[in-house]
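> Next comes the sequence, and after it the predicted model I'd like to discuss.
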Amino acid sequence: MPSVRVRENEYFDAALRRFKRACEKAGVLTELR
């Protein structure tokens, strides 16, 4: 499972977007379906 750390001065939305992108790259969402 990809993990994303919220950086300093970074909005949660931006970190969430990075997490979603990391999941897509790892193919996590396709495995769940």
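The structure has been received and is ready for your questions. The structure presented is a predicted model; accordingly, all values stated were derived computationally and were not measured.
> On the three-state scheme, the residue nearest to the spatial centre of the chain is what?
Centroid-nearest residue in the chain: residue 19, 0.7 Å away (criterion: Cα atoms, centre = their mean). Secondary structure for residue 19, judged by DSSP: H, G, I helix; E, B strand; the rest coil, is helix.
> I'd say it and residue 6 touch.
No: applying Cβ atoms under 8 Å as the test, residue 19 and residue 6 come out as separate, 9.6 Å apart. For the C-beta atoms, the positions are set from N, CA and C on the backbone; glycine is no exception.
> Which pLDDT value belongs to residue 1?
Residue 1 is assigned a predicted lDDT (pLDDT) of 71.
> repeat for residue 32
64.
> again with residue 29
pLDDT for residue 29: 68.
> what ranges do the helices span in the chain?
12-26, 28-32 (DSSP state H).
> Tell me which of these is the most buried.
Ranked by mean neighbour count, these are led by helix 12-26 with a mean of 13 (mean count of other Cβ atoms under 10 Å).
> what is the mean pLDDT for it?
Helix 12-26 comes out at a mean pLDDT of 89.
> what's the offset of that helix from the middle of its chain?
Computed by Cα atoms, centre = their mean, to the nearest Å, the chain-centroid distance of helix 12-26 equals 2 Å.
> which helices and strands does that helix pack with?
Judged by 3 or more Cβ pairs under 8 Å, 6 or more residues apart in numbering; DSSP states H and E, helix 12-26 is in contact with no other helix or strand.
> what comes into contact with that helix?
Outside helix 12-26, the residues that touch it by Cβ atoms under 8 Å, 6 or more residues apart in numbering are 1, 2, 4, 5, 6, 7, 29.
> Which two of the residues you listed have the greatest separation?
7 and 29 (23.6 Å; Cβ to Cβ).
> that older thread, make JSON lines from the contacts of helix 12-26 and add distance to residue 13 to it.
As requested, the contacts of helix 12-26 are exported to JSON lines (distance: Cβ to Cβ, whole Å):
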{"residue": "1", "distance to residue 13": "20"}
{"residue": "2", "distance to residue 13": "17"}
{"residue": "4", "distance to residue 13": "12"}
{"residue": "5", "distance to residue 13": "15"}
{"residue": "6", "distance to residue 13": "10"}
{"residue": "7", "distance to residue 13": "13"}
{"residue": "29", "distance to residue 13": "19"}
